[in-house]
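# prediction below, plus the sequence it came from.
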Amino acid sequence: MKIAIIGAGNMGGAIARGIAGAIAAGQSHHTLVVSNPSEGKLNALKSAFPFIETYTDNAGAIEGADLVILAVKPWLVEQVLKEAGALLGKETILVSVAAGITLDSLENMAGEKHRAVYRAMPNTAAAVGRSMTFVAGKNTTPESDEAVKAIFENVGTVMMIEERLMAAGTSLSGCGIAYIFRFIRAMQEGGVQLGFYPKDALNIVARTMEGALKLLETNDSHPEQEIDKVTTPGGLTIKGLNTMEQAGFTNAVIQGLTRNS
């Protein structure tokens with residue numbers, strides 16, 4: 001399969017590196033091509049993975065591709081498809097990672113009714129192979145679903161969802177990664193106030209979060225079950241949790257997630 005990625009910015013570059021890494025490891029046998037208007041990012045990809053084909057024009061990348069990933073800004077999607085959409089084969093699968101572009105709009109812009117089109121929403125952890133990616137499709141087949149899912153599994157975990165949940169997935173994971181970083185920063189600042197150097201406090205918080213996630217995964221448990229193991233009557237943990245709740249912790253998180261719903 002020939003995979004073309006249009007755009008080598010943060011997201012396009014991360015997806016390209018994930019796919020290229022799988023090819024280099026012998027886990028994938030796709031042909032990968034990437035286009036970008038400037039050569040700097042293309043050269044960086046080519047330096048790391050010499051087998052990637054690079055283009056500064058989208059037409060050269062799209063022609064003959066079996067699957068095209070549009071990793072450009074939302075307002076550029078229509079322009080890209082106007083300029084090079086005619087080169088899409090009738091069976092070419094089209095995937096957009098541009099926020100807010102609906103499946104109906106993508107299908108119309110592509111100019112081919114009943115084409116398999118997908119929206120994919122990775123998060124920035126795709127750069128380290130740990131993205132939580134949501135995928136929704138239209139005019140799809142089990143085979144096209146599997147092909148798209150396999151591509152994004154190169155950069156993390158994939159969940160196939162209905163399009164109506166895409167905004168929710170964006171809030172929970174796309175935006176959610178920033179909320180988690182803000183929580184980590186707050187914990188780090190608290191650690192400094194308790195007497196640790198910033199670097200040490202950050203390492204403590206990171207390792208603690210890593211351990212908490214591992215417990216949930218290993219025990220297949222609910223967060224409250226793990227909390228109960230730490231909270232003793234009259235202890236420091238329950239006092240700290242209750243103080244956070246008095247300051248509106250849970251409500252603040254929920255309000256942040258659902259602000260646009």
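Noted; the coordinates are in hand.
# which of the residues in the helix or strand harbouring residue 17 are buried?
Element membership of residue 17 [criterion: DSSP states H and E] is helix 10-24. Of the residues in helix 10-24, those with enough neighbours to count as buried (16 or more other CB atoms under 10 Å) are 11-23. Every residue, glycine included, has its C-beta placed from N, CA and C.
# one more: stretch 61-69?
Of the residues in stretch 61-69, those buried by neighbour count under the rule 16+ other CB under 10 Å are 61-63, 65, 67-69.
# please state the offset of it from the chain centre?
Its chain's C-alpha centre lies 21 Å from the corresponding centre of stretch 61-69 when counted by CA atoms, centre = their mean, to the nearest Å.
# repeat for stretch 212-220
Per CA atoms, centre = their mean, the centroid offset for stretch 212-220 relative to its chain is 22 Å.
# repeat that for stretch 75-83.
For stretch 75-83, the gap between its own C-alpha mean and the chain's C-alpha mean amounts to 22 Å (CA atoms, centre = their mean).
# now do stretch 153-163
Averaging C-alpha coordinates over stretch 153-163 and over its chain gives two centres that are 8 Å apart (CA atoms, centre = their mean).
# what average pLDDT does that stretch get?
pLDDT averaged over stretch 153-163 equals 94, rounded to a whole number.
# over to stretch 222-238?
Regarding stretch 222-238, the rounded mean pLDDT is 95.
# swap in stretch 34-45?
Here the mean pLDDT over stretch 34-45 is 94, rounded to a whole number.
# only alpha carbons, please: show it as CSV.
Listed in CSV are the C-alpha atoms of stretch 34-45, where the atom choice follows Å, rounded to 0.1, in the frame of the first residue of the first chain:
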residue,chain,number,x,y,z
VAL,A,34,5.3,12.9,2.4
SER,A,35,4.7,16.3,1.0
ASN,A,36,5.3,19.7,2.5
PRO,A,37,5.7,23.1,0.9
SER,A,38,9.1,23.8,2.6
GLU,A,39,12.0,21.3,2.5
GLY,A,40,13.4,21.7,6.0
LYS,A,41,10.9,19.3,7.7
LEU,A,42,11.1,16.9,4.7
ASN,A,43,14.9,16.8,5.0
ALA,A,44,14.6,16.0,8.7
LEU,A,45,12.3,13.0,8.0
